[in-house]
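could you look at this predicted model? Sequence included:
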Amino acid sequence: MDEPADVRMGRGQRLIEATREDLELYGVGELEDRLGVLEAEIARVRAQIDRKRSGRAAADALFAPRS
């Protein structure tokens, strides 16, 4: 008998699932830990956005028509 194929998660699917979790099940300490992880992720995403914007600005400056 063949084993079922692994279902592949789409981008961001785990984040969507995390936002649907019942927070009533967590204690205060666990919620504070969760908040720390989320704040670190926000900082990581913002840094990536800044890197991408810088790269785009550099490309735009390099390939912009000269007048």
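Sure, I can see it. Numbering: from 1, shown residues only.

use CA for all of it now, contacts and neighbours both
Noted.

what about stretch 53-63, average pLDDT?
For stretch 53-63, mean pLDDT is 90.

likewise stretch 18-34?
96.

so how far does that stretch reach from one end to the other?
Stretch 18-34 has an end-to-end distance of 10 Å (CA to CA, to the nearest Å).

need the residue closest to the centroid of this protein.
For the chain, the residue sitting closest to the mean C-alpha position, by CA atoms, centre = their mean, is Val45 at 6.0 Å.

in the chain, which spans are helices?
Using DSSP state H, the helices of the chain run over 13-19, 28-63.

of those helices, which stretch is the most buried?
Sort the helices of the chain by mean neighbour count, taking mean count of other CA atoms under 10 Å, and helix 28-63 sits at the top with a mean of 12.

for Ala64, phi and psi?
phi -70, psi 140 (degrees, to the nearest 10).

can you pull the contacts of it?
Applying CA atoms under 8 Å, 6 or more residues apart in numbering to Ala64 gives no contacts.
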